[in-house]
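Q: No sequence on hand, only this structure:
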């Protein structure tokens with residue numbers, strides 16, 4: 001298999017924003033759209049299995065630590081697992097070209113910069129469009145997944161549009177075939193469940209949520225409620241809550257509490273616990289492999 005390698009950074013040529021480079025093939029990659037006067041672009045990496053394809057693919061959206069020197073490492077762990085199971089994987093870097101190479105776990109993004117899950121959904125669909133242009137990718141079998149900030153991005157990317165005038169409405173209707181949200185934030189800042197006017201989260205394709213029972217950063221209870229309401233309305237949302245597991249249960253790092261972390265779930269807005277749980281990690285691999293196996297293979 002091709003290893004995950006560093007890709008070209010944002011390029012500007014003749015005043016036109018350059019695109020990201022897909023490492024496995026070397027050709028220019030996608031630009032993401034933006035409401036700003038000019039589009040921007042993000043770097044990404046592609047890792048593919050051996051062989052000519054066409055492969056099913058998964059876009060992985062990173063967490064609040066980004067893909068730079070402070071990365072949690074979880075996206076890379078998932079990429080390795082998925083490539084080993086026959087999936088091509090793309091990891092867009094939403095933070096580095098927007099001035100937040102160290103992530104946004106401890107500090108907000110630079111002033112005036114939007115790296116919200118809703119904004120990053122544009123990166124996800126730009127990645128999807130790029131993958132569908134590759135001869136060795138089966139464009140009908142592309143999934144999405146992400147953890148924490150990337151999990152919230154996954155929810156934002158998969159929620160069904162309520163009108164054709166909404167951003168990404170057309171992209172979503174012919175979008176990802178399935179998605180996995182790892183320990184996402186299942187509430188808005190105001191506390192209401194993400195969803196339509198009736199409070200129902202309606203995904204455009206099957207969605208699996210995996211989260212830890214002891215998560216004090218993105219609490220499991222709000223995701224359980226989101227799933228329950230969606231299921232009552234017959235939408236394809238499922239959830240698994242891991243007993244005793246914390247946020248970032250798929251990490252290879254020990255459990256620890258960091259007071260400096262920005263945490264809307266905390267009374268004072270700071271402090272969160274993260275750390276790996278070997279049992280939850282092993283089971284989550286089985287769950288993700290089975291889920292994508294049903295919907296992408």
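A: Right, received. Where do you want to start? The structure presented is a predicted model; accordingly, all values stated were derived computationally and were not measured. Residues are numbered from 1 along each chain as shown.
Q: Would you confirm that residue 145 contacts residue 180?
A: Yes. Counting by CB atoms under 8 Å, residue 145 touches residue 180, with 3.9 Å between them. For the C-beta atoms, the positions are set from N, CA and C on the backbone; glycine is no exception.
Q: Spell out which residues are contacts of both of the two.
A: Common contact partners of residue 145 and residue 180 (CB atoms under 8 Å, 6 or more residues apart in numbering): 154, 288.
Q: Give me the pLDDT for the nearest residue to residue 55 once chain neighbours are set aside.
A: Take residue 55 and drop its neighbours on the chain: the residue closest to it by CB to CB, 6 or more residues apart in numbering is residue 88, 4.3 Å away. For residue 88, the pLDDT comes out at 98.
Q: can you pull up the bridge partners for residue 88?
A: Residue 88 forms beta bridges with residue 57, as assigned by DSSP bridges.
Q: check contacts around it.
A: 24, 46-49, 53, 55-58, 131, 136-137.
Q: what's the spacing between it and residue 54?
A: For residue 88, the distance to residue 54 (CB to CB, to the nearest Å) stands at 9 Å.
Q: list residues touching both of the two?
A: Contacts common to residue 88 and residue 54, judged by CB under 8 Å, 6+ apart, are 136, 137.
Q: which stretch of helix or strand covers residue 279?
A: helix 278-296 (DSSP states H and E).
Q: which residues are in contact with that helix?
A: Everything outside helix 278-296 that qualifies as a contact, by CB under 8 Å, 6+ apart, is 56, 58, 78, 81-82, 85, 87, 141-143, 145, 177-178, 180, 182, 205-206, 208, 210, 212, 240, 242, 245, 249-251.
Q: same question for it, mean pLDDT?
A: Rounded mean pLDDT across helix 278-296 is 98.
Q: and residue 274, what does it touch?
A: By CB under 8 Å, 6+ apart, the neighbours of residue 274 are 72, 217, 246, 247, 248, 251, 253, 255, 256, 258.
Q: That should have said residue 223, apologies.
A: Per CB under 8 Å, 6+ apart, neighbours of residue 223: 184, 186, 209, 211, 239, 241.
Q: repeat that for 7 Å
A: 184, 186, 209, 211, 239 (CB atoms under 7 Å, 6 or more residues apart in numbering).
Q: Can you redo these as CSV, where the extra columns are pLDDT, distance to residue 270 and secondary structure?
A: Formatted as CSV, the contacts of residue 223 follow (pLDDT from 0 to 100; distance: CB to CB, whole Å; DSSP: H, G, I helix; E, B strand; the rest coil):
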residue, pLDDT, distance to residue 270, secondary structure
184, 98, 20, coil
186, 94, 21, coil
209, 98, 25, strand
211, 98, 21, strand
239, 98, 27, strand
